[in-house]
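Engineer: Build me a structure from this.
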Amino acid sequence: MELVGHYIAKNQIDNPFKNGILGADWFISFKNRHNLSIKKPQTVENLRKKACNPWIIYTYFDLLKKTMDELGLHDKPSQIWNLDETSFSKDPSKTKVVGLRGFASTRTISSPGKDNTTVLLGCSAAGDKTPPLIIFKGKNV
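Structural biologist: Next up, the predicted model:
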């Protein structure tokens, strides 16, 4: 809220705040005006969060099209596979974030945890699937 106060002062915006300080109800009014809600975020590691950048995603799909063209895979769905992983932590974050009402929760950064259980799943464009690969916490040997 301090950031909002600085922004208003710097841009000389008329406001009802006393001495440029936001009142206790300001955030609640702002949240309601902009159809926002408080959510518990999904945790992701920093590199995965950076990979969600739209410019990185566009580059990926350009490369995917080029590769499919070069390998002639457009009519071979049984040769196109996707692998995805999901991780379950024993100690999920208690943090909450603000996001648009009606949309899935926002992501937040977490450190790579060692108490996670990871599940890998694969499926082809033809609908074939692999059995799940479940990875539990490792132990030092």
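
Engineer: pretty sure Thr118 is in a strand, no?
Structural biologist: Yes. Thr118 sits within a strand when classified using DSSP: H, G, I helix; E, B strand; the rest coil.

Engineer: Dig out what it forms beta bridges with.
Structural biologist: Counting by DSSP bridges, Thr118 forms beta bridges with Ser87, Ile135.

Engineer: okay, now the domains of this structure?
Structural biologist: The chain breaks down into these structural domains: 1-34, 36-135 (assignment by automatic domain parsing).

Engineer: got the ones you listed as a markdown table, with mean neighbour count and mean pLDDT columns?
Structural biologist: Just so you know, the C-beta spots here come from the backbone N, C-alpha and C atoms, and that holds for glycine as well. Written out in a markdown table, the entries for these read as follows (neighbours: other CB atoms under 10 Å; pLDDT from 0 to 100):
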| stretch | mean neighbour count | mean pLDDT |
| --- | --- | --- |
| domain 1-34 | 11 | 77 |
| domain 36-135 | 12 | 79 |
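
Engineer: next one: phi and psi at Lys65?
Structural biologist: When read as degrees, to the nearest 10, the backbone of Lys65 gives phi -60, psi -50.

Engineer: and the gap between it and Thr59?
Structural biologist: Going from Lys65 to Thr59 by CB to CB, to the nearest Å gives 11 Å.

Engineer: Which of the helices or strands spans Asn82?
Structural biologist: Using DSSP states H and E, Asn82 sits in strand 81-89.

Engineer: Restrict that strand to CA atoms and write it as PDB.
Structural biologist: The C-alpha coordinates for strand 81-89 follow below in PDB (Å, rounded to 0.1, in the frame of the first residue of the first chain):
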ATOM      1  CA  TRP A  81       4.100 -37.600 -27.300                       C
ATOM      2  CA  ASN A  82       3.800 -35.200 -24.400                       C
ATOM      3  CA  LEU A  83       5.200 -35.800 -20.900                       C
ATOM      4  CA  ASP A  84       4.100 -33.800 -17.900                       C
ATOM      5  CA  GLU A  85       5.000 -33.900 -14.300                       C
ATOM      6  CA  THR A  86       3.300 -32.800 -11.200                       C
ATOM      7  CA  SER A  87       4.700 -32.500  -7.700                       C
ATOM      8  CA  PHE A  88       3.000 -32.800  -4.300                       C
ATOM      9  CA  SER A  89       4.700 -31.200  -1.300                       C
END
